[in-house]
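*Asks:* output the structure for:
(4 chains)
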Number of protein chains: 2
Amino acid sequence: MNARRDKLSQSLEDYLEAVYLIEKEKRVVRVKDISSFLKVKKPSVVSALKALEARGLVNHEKYGYVELTPAGKREARRIYRVHRTLKEFLVKVLGVEEAVAEEDACAIEHYLHQDTFDRLVKFLEFIETCPEDVPFWLRSFHYYAERGIRPPECGRGKRNSVQED
Amino acid sequence: MNARRDKLSQSLEDYLEAVYLIEKEKRVVRVKDISSFLKVKKPSVVSALKALEARGLVNHEKYGYVELTPAGKREARRIYRVHRTLKEFLVKVLGVEEAVAEEDACAIEHYLHQDTFDRLVKFLEFIETCPEDVPFWLRSFHYYAERGIRPPECGRGKRNSVQED
DNA sequence: TATTTTAGTTAGTTTTATCTAACTTGTCAA
DNA sequence: TTGACAAGTTAGATAAAACTAACTAAAATA
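*Replies:* Prediction:
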């Protein structure tokens, strides 16, 4: 029970997240599913599950299904939340393409400090709660990112009538 | 000469970057310097250098100094550029504290797609070339990040006279 | 110059995360 | 009900990246 409190490795976080996502989709999680989801061989899955079980994050009885423990689910949710937030930032703000954003988010998700993550969340909140659907400045940036120059209405001086934030 | 073209591991990228940074500071790079810079023991440095040498990225003769080859310097510069850009983003935009930003940048730098990086650069450019010293929206965000609410002058409707982008 | 201290190296171990090959269990269909 | 095939497991290999302990070279100094 509630063993090792050490931080999970990137790899184990990936396995945990995979179990969580498959569980959401399929109701039941098998070694094979994790294996194909993460593109690793089945023995790798088995040994990862062993490690996760030792930390009390999953239950996995021989030849049976894989389940997250409450602690495992909590942790997996945390990881996935970082994942989604990062991806959202990459896509919505920077305009990175879906598939690339997915990969980057997947790699980065393991390394952010809590504070950095919190600020990222705030940043997205800030954008979403803007009175405009998409903030003027963000549209300007996307224009700039595509064309390399600022949109004309954004140049020195003049601007349109909606407030900017 | 120009061996292995495979991608470097995170670890080897860190060693390469360390050599680059120490070289900039001290003119001469020793195993000991890398060891203390990266907080690993000296034998770890020696074996990493061996790997980097096999890829033609550093020169290191026994008991001698460590030097980057031209290819090594190119690669190190690339890595460090990503590092600085990420850190700048974290500090200037998200308002993350210096030391935390440094750590996050250091971890993330190894995992970004080129396109994501390019967009990040553009984003910072976009901010820097803003007619205002700090864009209005960014000041608004910092206010929001600190206090959890938007600044009064940023609410629905009214705004001050400088344009927003 | 001889000795001591510091720097660098080698050999060998550990941990993590993968893999392959071979074996076991379980299920489904003839 | 019994095989055949799919799923899961075990054992053992490999590779990367770190470590310690013990040794060697170089440098500093007395």
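
*Asks:* quick one: low-confidence parts of chain A?
*Replies:* In the prediction, chain A carries residues with pLDDT under 70 at positions A:1-5, A:153-165.

*Asks:* so which elements touch the biggest helix by length in it?
*Replies:* Looking across chain A with DSSP state H, the single longest helix is helix A:70-88. Under the contact criterion of 3 or more Cβ pairs under 8 Å, 6 or more residues apart in numbering or on different chains; DSSP states H and E, helix A:70-88 touches helix A:10-26, helix A:98-108, helix A:114-128. (Glycine included, C-beta is placed from N, CA and C.)

*Asks:* and the first one, how far out from the chain's middle?
*Replies:* This points to helix A:10-26. Centroid separation for helix A:10-26 versus its chain: 12 Å, with Cα atoms, centre = their mean, to the nearest Å.

*Asks:* and the contacts of the very next helix or strand once past that helix?
*Replies:* Counting by DSSP states H and E, the next helix or strand C-terminal to helix A:10-26 is helix A:31-38. Helix A:31-38 is contacted from outside by A:14-15, A:18-19, A:21-22, A:26, A:41-42, A:44-46, A:49, A:66, using Cβ atoms under 8 Å, 6 or more residues apart in numbering or on different chains.

*Asks:* for ChimeraX, what selects the buried ones among those?
*Replies:* Selecting only the buried entries of the contacts of helix A:31-38 in ChimeraX, with 16 or more other Cβ atoms under 10 Å in any protein chain shown as the criterion:
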select /A:14,15,18,19,21,22,44,45,49,66
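
*Asks:* and stretch A:25-32, anywhere near DNA strand C?
*Replies:* No: counting by Cβ under 7 Å from any atom of the strand, DNA strand C is not contacted by stretch A:25-32; separation bottoms out at 10.7 Å.

*Asks:* roughly how far does the residue nearest the centre of chain A sit from A:L120?
*Replies:* Closest residue to the average C-alpha location of chain A: A:H83 at 0.6 Å, with Cα atoms, centre = their mean. A:H83 is 12 Å from A:L120, where distance means Cβ to Cβ, to the nearest Å.

*Asks:* next one: A:S9
*Replies:* Distance from A:S9 to A:L120, by Cβ to Cβ: 23 Å.

*Asks:* again, but for A:V45
*Replies:* 31 Å.
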